[in-house]
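Visitor: model this:
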Amino acid sequence: MESLGEMLSKGQGRRLLQQAEDKLREVATDPMIVKLRQKYPQLDYQTMKLNLNKLHQYVKEYENCSNCPGLDKCPNDMQGHYSMLSVEPGEDRTRVHDQKVACKKFLAHEAQQSVRKRIRSFYVDERALSEGYSTIEIIDKDDERQPAVQQLLRYIFRTRQDGLQKTGLYLEGHFGTGKTFLMCYMLHELALDGYTGAIVYMPDFAEDLKSMFNDPMKLKETIDILKETDLLVFDDMGAENLNPWLRDHVMGAILNYRMNRKPTFFTSNHDLDALEKHFSFTSKDGDEEFKGRRIMDRIRPFVEVVSVSGYNKRGSVS
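Guide: All right, here's what the predicted structure looks like:
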């Protein structure tokens, strides 16, 4: 006589088998599986039965992707991926293989992350590099800024067409006209083409260098990054608290290395003549016209001046 446990076990087994049969019939009539069987006629009933979980996953993830809630809320087993099936005849039985494939949203996200990794930011708000750029923001926001924008776009086009240029750009203009924003746009656009970049906010960089003076390894690492990156932007040049060491041993070393090798870019509220005066005077040594000219000899011949006009987009904030 069978025990109660055996009877219940058999009953449970029959229910599970019935559920599996019901699920198989449901999956078999799904348009995705119908299409799959048209592509692979060898996908017979027995093979489907043995691979029911894979077929169910395939249908479920396709449905999730068709009603995508966004990459962050992706309900699939592997975020940003869906299952693809292939069928392969074998000597003993037909086999169903599944693999995970990245969706377009995941690929776009990865591409954007890759772009961000190519750009180093020193003391510049990361949002300027990561929030993206619209045509309205670049071209249409301020009519007075359009000549500068067109000049910048021509430079980006030349770089894409002919490769890395030996000369950079010098963006001069009043407070808040969008000079930093335009440089971040350039870095972002050229990072899409595989170029590395760095942007340095000079006032904070000058202050931080004081602590690096006692950390030679960190100082060397920072200078080496700025020497070697494809595109280097010194932001708000002339607003820093200048000292001879910053001018002669840091800026001088970086600019001397990059001359005729890689382009360097600047934003400043000063024109080139006013910047030379800035470099010619330090609080420690007073007026040093020769050293001011010397550093400018590493800037002036290697930049194309871009005058950025327009209204102050920071409102009343400088």
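
Visitor: going by C-alpha atoms from here, please, whenever you check contacts or count neighbours.
Guide: Fine.

Visitor: show me where the chain has strands.
Guide: In the chain, the strands defined using DSSP state E lie at 81-88, 95-102, 119-122, 168-172, 197-201, 231-235, 264-268, 281-282, 286-287, 303-307.

Visitor: quick check: mean pLDDT across stretch 32-45?
Guide: Mean pLDDT, stretch 32-45: 89.

Visitor: of all the strands of the chain, which one is nearest Ser211?
Guide: Of all the strands of the chain, strand 119-122 sits nearest to Ser211, with 14.8 Å by C-alpha to C-alpha.

Visitor: pLDDT at Thr196, what is it?
Guide: 89.

Visitor: touching, it and Glu228? I think so.
Guide: No: taking contacts as C-alpha atoms under 8 Å, Thr196 lies outside contact range of Glu228: 9.1 Å.

Visitor: same drill for those two, tell me which one is more crowded.
Guide: Neighbours were tallied for Thr196 and for Glu228 using other C-alpha atoms under 10 Å; the higher tally belongs to Thr196 (21 against 17).

Visitor: before we move on, the earlier item: any chance of the strands of the chain in a markdown table, with mean neighbour count and distance to Arg154 too?
Guide: What follows is the strands of the chain, written out as a markdown table (neighbours: other C-alpha atoms under 10 Å; distance: least, C-alpha to C-alpha, whole Å):
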| stretch | mean neighbour count | distance to Arg154 |
| --- | --- | --- |
| strand 81-88 | 17 | 38 |
| strand 95-102 | 14 | 35 |
| strand 119-122 | 20 | 21 |
| strand 168-172 | 24 | 11 |
| strand 197-201 | 23 | 18 |
| strand 231-235 | 25 | 16 |
| strand 264-268 | 24 | 15 |
| strand 281-282 | 17 | 35 |
| strand 286-287 | 13 | 39 |
| strand 303-307 | 18 | 12 |
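
Visitor: ok, which of those strands comes nearest Lys49?
Guide: Closest approach to Lys49 among the strands of the chain (C-alpha to C-alpha): strand 95-102, 11.1 Å.

Visitor: that closest one: how far from the chain's middle?
Guide: When C-alpha coordinates are averaged (C-alpha atoms, centre = their mean, to the nearest Å), strand 95-102 and its chain have centres 29 Å apart.
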